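A.B. asks: generate coordinates for the sequence data below:
(2 chains)
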Amino acid sequence: MRNMNVKEVETAISKLCIQSCCHLPEEVVATLKKTTGTEESPLGKEILEIIIKNAQLAQDTDCPICQDTGLTVVYAEIGQEVHFEGGDIEAAIHAGVADGYTKGYLRKSSVDDPLFVRKNTGDNTPAIIHTTIVPGDKVKLTVLPKGCGSENMGALKMLKPADGVEGLVNFVLETVRIAGPNPCPPITVGVGVGGNMERVAELAKHSLTRHMGEHNPNPKYAELEAEILRRVNLTGIGPSGLGGTNTALAVNIEYAPTHIGGLPVAVNLNCHAARRAVVSL
Amino acid sequence: MAETKKITTPLTDDVIKTLHAGDSVLITGPIYTARDAAHKRMTEALARGEELPIDVQGNVIYYVGPSPEKPGQAVGSAGPTTSGRMDKYTPTMIEQGMKGMIGKGSRSQEVIDSCVKNCAVYFVAIGGAAVVISQSIKKQEILAYGDLGPEAIRRYDVVDFPAIVCVDCYGNDTYKDGLAKYCKE
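C.D. replies: Residues are numbered from 1 along each chain as shown, chains lettered A, B, ... in the order given. Next up, the predicted model:
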């Protein structure tokens, strides 16, 4: 048994919020740099260079890469031997988000009642928290700030088993085409397949926490990721959607067992600023 | 690529007529910020027969909800938001005399038709290039709806704000042109 004060989690979350919004992961910057070499559109190439310059400026000045610092998605993988003390763990995560968004001069984009009132909560809470219990005595925290330009273009469809691979590929491509310039390409295409309606949405979102350049460990799914990436880059949408050959940086698929009668598919798109920050306590 | 055109606000019809879809421009002068909530309030005010809190004649509205500025900064990160969410309100704003918009993403046919009918222009800025863009914003002032926080109406004084002409007053759309040119499906 390991005792951990929830204040430690709160402090870590605060730092991760600022880090993720201002510092793009190195491998994402490296992937963006690679695309400038392959982009066929001169305007597209110029846009990619400005996006890279922007990430560098944000890094150097600790300013948010994008003004939309998103709703804060938090993954907490909690070792089953950890005992939290000093308060409520979920409240500590929310407090960490409020602290980070205030101290980091990040935009507060959360409204309370989504339909009638839509009043800004003022501190970007509540965070969207996904907790899992895992073996061990560590706590791994991942913060994924998710802007609405890309989030609004996601889609979910309950396919039939007979729709198969072709049905999945067509649905992903259709979603990307409809999204067009809105999710700020070059995008990351997060795909969930299997589970049920809520599980598949979580799979698609979770796939966006993946280190860019890594692929699904199942070779069949890894091949499908490569094939969908190739097809997405034939759409012509390009950087900022103004035409070009780099529409996506990566396609990440996560899957789970499903019902004999179903084939749920969810697509969650991420913008070129594939922001995330991770710490293990 | 065509050479970059320097233009100043407010925009005149003569200047708008020289702009073509795909042109790179640098904008200098005052522009006004408004996004979803401010547009909703402005069109509701018009429906009640009230005046708008800002004079939109010849002016450009930038669809942005900036992050808070740090001490010593003129403005926080301030890149464009998705324009399509304003489509419902845009023809009304153009009919009020608004001449330009800056945002990101495609527009409805109604907005494009309104640009042609009223000689207006839609520019796109690079989504997610918020720090680069904020360097061209020299000064800001909150003019209305301060309670909306990041959604308040602000005046930005900009110098060489980088943008691309997306929908020109002839009804051309750079998104459609770009897609047609690079689509290999």
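A.B. asks: does residue 178 belong to a helix or a strand, and which?
C.D. replies: By default, I'm working from chain A. helix A:164-179 (DSSP states H and E).
A.B. asks: the intended chain is chain B.
C.D. replies: helix B:174-182.
A.B. asks: in that helix, what's buried?
C.D. replies: Buried residues in helix B:174-182, defined by neighbour count with 16 or more other C-beta atoms under 10 Å in any protein chain shown: B:174-176, B:178-179, B:182. C-beta coordinates here come from the backbone N, C-alpha and C atoms, glycine included.
A.B. asks: show me what the helix holding residue A:178 is packed against.
C.D. replies: Counting by 3 or more C-beta pairs under 8 Å, 6 or more residues apart in numbering or on different chains; DSSP states H and E, the packing neighbours recorded for helix A:164-179 are strand A:155-159, strand A:187-195, helix A:219-232, strand A:263-270.
A.B. asks: run a quick neighbour tally on residue 36.
C.D. replies: In the absence of a named chain, chain A is used. Neighbour count of residue A:36, defined by other C-beta atoms under 10 Å in any protein chain shown: 17.
A.B. asks: that's the wrong chain, I meant chain B
C.D. replies: 18.
A.B. asks: ok, it to chain A distance?
C.D. replies: 9 Å (C-beta to the nearest C-beta, to the nearest Å).
A.B. asks: ok so, going back, helix A:219-232 and the helix holding residue A:178, what's the angle between them?
C.D. replies: 40 degrees (axes from the mean of the first three to the mean of the last three C-alpha atoms, to 10 degrees).
A.B. asks: and helix A:164-179, how far out from the chain middle?
C.D. replies: Taking C-alpha atoms, centre = their mean, to the nearest Å, one finds helix A:164-179 lying 19 Å from the centre of the chain it belongs to.
A.B. asks: pull out the buried positions in it.
C.D. replies: Within helix A:164-179, the residues that qualify as buried by neighbour count (16+ other C-beta under 10 Å) are A:167-169, A:171-173, A:175-177, A:179.
A.B. asks: what do you get for stretch A:65-81?
C.D. replies: A:65-79.
A.B. asks: how far off centre is that stretch?
C.D. replies: Stretch A:65-81 sits 9 Å away from the centroid of its parent chain (C-alpha atoms, centre = their mean).
A.B. asks: for stretch A:149-159, same thing?
C.D. replies: 13 Å.
A.B. asks: which stretches of chain A form helices?
C.D. replies: All helices of chain A, identified by DSSP state H, fall at A:6-22, A:26-38, A:42-61, A:89-103, A:148-151, A:164-179, A:197-206, A:219-232.
A.B. asks: nearest to residue B:124, of the ones you listed?
C.D. replies: helix A:42-61 (10.2 Å; C-beta to C-beta).
A.B. asks: about what we covered before: what's the most buried one of the helices and strands packed on helix A:164-179?
C.D. replies: Across the helices and strands packed on helix A:164-179, averaging neighbours per residue (mean count of other C-beta atoms under 10 Å in any protein chain shown) puts strand A:263-270 on top, at a mean of 26.
A.B. asks: so is it next to chain B?
C.D. replies: No. Judged by C-beta under 8 Å from any C-beta of the partner chain, strand A:263-270 and chain B are separated, with a smallest distance of 10.9 Å.
A.B. asks: tell me the angle that strand makes with helix A:197-206.
C.D. replies: Using the same axes, to 10 degrees: strand A:263-270 against helix A:197-206 is 30 degrees.
A.B. asks: how far is strand A:263-270 from where the chain is centred?
C.D. replies: 12 Å.
A.B. asks: quick revisit: just the buried residues of stretch A:65-81 that are near chain B?
C.D. replies: Among these, chain B is touched by A:65-69 when using C-beta under 8 Å from any C-beta.
A.B. asks: near residue B:72, how many other residues are there?
C.D. replies: Counted with other C-beta under 10 Å, residue B:72 comes out at 5.
A.B. asks: next one: it from residue B:25, what distance?
C.D. replies: As defined by C-beta to C-beta, to the nearest Å, residue B:72 lies at a distance of 29 Å from residue B:25.
A.B. asks: now do residue B:173
C.D. replies: As judged by C-beta to C-beta, residue B:173 and residue B:25 stand 16 Å apart.
A.B. asks: repeat for residue B:51
C.D. replies: Distance from residue B:51 to residue B:25, counting by C-beta to C-beta: 30 Å.
A.B. asks: more neighbours: those two, which one.
C.D. replies: Each of residue B:51 and residue B:25 has its neighbours counted (other C-beta under 10 Å); residue B:25 has more, 19 against 9.
A.B. asks: which SS state does the more buried one fall under?
C.D. replies: strand (DSSP: H, G, I helix; E, B strand; the rest coil).
A.B. asks: can the biggest strand by length in chain B be found next to chain A?
C.D. replies: As assigned by DSSP state E, the longest strand anywhere in chain B is strand B:153-167. Yes. Applying C-beta under 8 Å from any C-beta, one finds strand B:153-167 in contact with chain A at B:162, B:164.
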